[in-house]
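S.K.: Got a predicted structure here, sequence first:
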Amino acid sequence: MLKITPEMLRRMKRRGERIAALTAYDYPTARLLDEAGIPFILVGDSLGMVTLGYPDTTLVTMEEMEHHVRAVARAKPGALVGADLPYRSYETAEAAVANSQRLIRAGAEAVKAEGGRVIIEQVRAIVAAGIAFCGHVGMLPQSVREEGGYHIKGKSERERDGLLADAAALAEAGAFAIVLELVTPAVAREITNLVSVPTIGIGSGPDCDGQILVSNDLIGTFPWFTPRFVKPHLNAGEQIRAAVQHWRQEVEGKKQ
Ligand code: KIV
């Protein structure tokens, strides 16, 4: 089985190959994504909303991340397995390294944290500890409460300059890839041309080196909210409801 490494994702950018990444939080999803050839599986802290029923990602704990990372790692995917450092788990370089090591011990092969220059000491420390690091700039879901919502980034000259500087700093500090979330397509294209590591966009237009989605949004297993930029490829939520109703009616003797 081919095992994907961070260096392979970097090579994909150099060769002009696009990267299709998805989230998984459990064993069967990780196996299915892997069998479908996804090279990068992220145990995102989006699990807070789509599997744990929290209103946002800020309530997700290290213990919850470890639990879901372990489930995904049990699938032994050929894909690279990344995991999010949850809210407030990387406020100092020491905490960032200690919590990254916990995720690695749980089975992650890379970690991701939100922010650019403001967390650069933490990123340097994680990379110096020998842990593969994925950056995340643009709209930062862990800052949703301070920002009062999920807003598109890069609309003003000041935001554009900040995003470019953040992405350049992350690449220079050793990030192997950078997620661009809700960045204007023009700025996402500029960042993609600027940095040598792959950019992986989510709601950031078509010109990133790869795309990532929350799997539940793609397959319709969290049908109560779908981000505007997602085109679901399956309506599994409806199919589950229909299958369950059908079976219930069989049990209740209303169907043969
Ligand atoms: O938490 C998450 O799932 C993420 C991705 C969607 C980028 O950060």
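M.R.: Thanks, I have it. Numbering: from 1, shown residues only.
S.K.: which intervals of the stretch 51-200 of the chain have sub-threshold pLDDT?
M.R.: Along the stretch 51-200 of the chain, the model assigns pLDDT under 70 to no residue.
S.K.: Return the residues of the stretch 1-150 of the chain in contact with the ligand.
M.R.: Thr23, Leu42, Gly44, Asp45, Ser46, Asp84 (C-beta under 6 Å from any ligand atom). To be clear about C-beta, it is placed using only N, CA and C from the backbone, and glycine gets the same treatment.
S.K.: Pick the one among the residues you listed closest to the ligand.
M.R.: Gly44 (2.1 Å; C-beta to the nearest ligand atom).
S.K.: ok, that closest one - contacts?
M.R.: Gly44 makes contacts with Thr23, Tyr25, Asp84, Lys112, Val214, as judged by C-beta atoms under 8 Å, 6 or more residues apart in numbering.
S.K.: try 7 Å this time
M.R.: Thr23, Asp84, Val214 (C-beta atoms under 7 Å, 6 or more residues apart in numbering).
S.K.: now Phe133
M.R.: Here Phe133 is in contact with Ala110, Val111, Val123, Ile126, Val127, Gly174, Ala175, Phe176 (criterion: C-beta under 7 Å, 6+ apart).
S.K.: again, but for Leu2
M.R.: Taking C-beta under 7 Å, 6+ apart, we find Leu2 in contact with Gly78.
S.K.: Gly154 and Pro185 touch, don't they?
M.R.: No - the criterion here is C-beta atoms under 7 Å, and Gly154 misses it with Pro185 at 8.9 Å.
S.K.: among the residues of the stretch 1-150 of the chain next to the ligand, which are in strands?
M.R.: Thr23, Leu42, Asp84 (DSSP state E).
S.K.: Save the contacts of Gly44 as a markdown table, and put in distance to Gly203 and neighbour count too.
M.R.: Putting the contacts of Gly44 into a markdown table (distance: C-beta to C-beta, whole Å; neighbours: other C-beta atoms under 10 Å) gives the following:
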| residue | distance to Gly203 | neighbour count |
| --- | --- | --- |
| Thr23 | 14 | 28 |
| Asp84 | 17 | 30 |
| Val214 | 11 | 23 |
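S.K.: and the gap between His151 and Ala21?
M.R.: Going from His151 to Ala21 by C-beta to C-beta, to the nearest Å gives 23 Å.
S.K.: So between the two, which is more surrounded?
M.R.: Using other C-beta atoms under 10 Å, the more surrounded residue of His151 and Ala21 is Ala21, with 26 against 12.
S.K.: For that one, give me its contacts.
M.R.: Each residue near Ala21 by C-beta under 7 Å, 6+ apart is listed here: Ile38, Phe40, Leu42, Ile200, Gly210, Ile212.
S.K.: Apply 6 Å and report the result again.
M.R.: Shown in contact with Ala21 (C-beta atoms under 6 Å, 6 or more residues apart in numbering): Phe40, Ile200, Gly210, Ile212.
S.K.: And Ile4, by the same measure?
M.R.: Pro39, Ala79, Leu80.
S.K.: would you list these in JSON lines and tack on neighbour count and secondary structure?
M.R.: Below are the contacts of Ile4 laid out as JSON lines (neighbours: other C-beta atoms under 10 Å; DSSP: H, G, I helix; E, B strand; the rest coil):
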{"residue": "Pro39", "neighbour count": "21", "secondary structure": "coil"}
{"residue": "Ala79", "neighbour count": "24", "secondary structure": "coil"}
{"residue": "Leu80", "neighbour count": "25", "secondary structure": "strand"}
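S.K.: what's the spacing between Gln211 and the ligand?
M.R.: 10 Å (C-beta to the nearest ligand atom, to the nearest Å).
S.K.: So that residue belongs to a strand, correct?
M.R.: Yes - counting by DSSP: H, G, I helix; E, B strand; the rest coil, Gln211 is found in a strand.
S.K.: Is the residue nearest to it when sequence neighbours are not counted in a helix, a strand, or coil?
M.R.: Spatially, and ignoring its direct neighbours in sequence, Gln211 is nearest to Gly201 (5.5 Å; C-beta to C-beta, 6 or more residues apart in numbering). At Gly201, secondary structure determined by three-state DSSP is strand.
S.K.: Cool, thanks, signing off.
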